[in-house]
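J.: Kindly generate the corresponding structure for this input.
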Amino acid sequence: QVQLIESGGGLVQTGGSLRLSCAASGHTFSDSAMGWFRQAPGKEREFVGGITWSIGRTLYADSVKGRFTISRDSAKKTLYLQMNSLKPEDSAVYYCATKSYVTYVPSFEYEYDYWGQGTQVTVSS
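T.: Below is the predicted model of the structure:
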């Protein structure tokens with residue numbers, strides 16, 4: 001049973017930083033990709049970025065490129081999302097997700113197999 005548990009969300013001022021974590025269990029990491037998505041009230045869930053677990057290839061949405069960084073710690077089986085220079089429009093519930101048996105980073109919601117419960121990020125202006 002794959003479990004993904006996000007943490008690290010909270011309230012931060014514009015220009016601030018947060019680091020989200022996604023602890024994974026019951027998962028085969030070597031041939032997988034993990035992604036971050038977010039969903040703001042009244043909006044569809046959108047791709048933020050992702051990483052292939054084995055070689056660390058990353059992909060980012062244009063809206064976060066240069067501000068957000070995705071990394072993983074294989075020993076801790078944890079995915080990270082470092083968010084810098086946060087803007088009010090970054091406010092959303094952030095989800096991590098995983099897709100097995102891929103060598104690329106999927107960018108569409110339907111491509112992912114397992115999801116975490118989400119963590120709220122609020123950026124005040």
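J.: List the residues that contact the spatially most central residue of the chain.
T.: Centroid-nearest residue in the chain: residue 36, 2.3 Å away (criterion: CA atoms, centre = their mean). Taking CB atoms under 8 Å, 6 or more residues apart in numbering as the contact definition, residue 36 lies against 20, 22, 47-50, 70, 79, 81, 94-97. Backbone N, C-alpha and C define where each C-beta goes, glycine included.
J.: Of the residues you listed, which belong to strands?
T.: Of the positions in the contacts of residue 36, 20, 22, 47-50, 70, 79, 81, 94-97 sit in strands, assigned by DSSP state E.
J.: wait, which of those residues is closest to residue 104?
T.: Of all the ones in strands among the contacts of residue 36, the one with the least separation from residue 104 (CB to CB) is residue 50, at 9.1 Å.
J.: Name the helix or strand for the nearest residue to the closest one once chain neighbours are set aside, please.
T.: Leaving aside its sequence neighbours, residue 50 sits nearest to residue 35 (CB to CB, 6 or more residues apart in numbering; 3.4 Å). For residue 35, the host element (DSSP states H and E) is strand 32-39.
J.: What are the buried residues along the helix or strand hosting residue 122?
T.: For residue 122, the element it lies in under DSSP H and E is strand 119-124. Buried residues in strand 119-124, counted by 16 or more other CB atoms under 10 Å: 119, 121, 123.
J.: I'd assumed residue 9 was in contact with the last one.
T.: By that I understand residue 123. No: with contact defined as CB atoms under 8 Å, residue 123 does not reach residue 9; the gap is 10.9 Å.
J.: sorry, back to before: check the gap between the residue nearest to residue 50 and residue 112 for me.
T.: 6 Å (CB to CB, to the nearest Å).
J.: residues contacting the nearest residue to residue 24 once chain neighbours are set aside?
T.: Leaving out its chain neighbours, the residue that sits closest to residue 24 by CB to CB, 6+ apart is residue 77, at 5.0 Å. Residues in contact with residue 77 (CB under 8 Å, 6+ apart) are 23-25, 27, 29.
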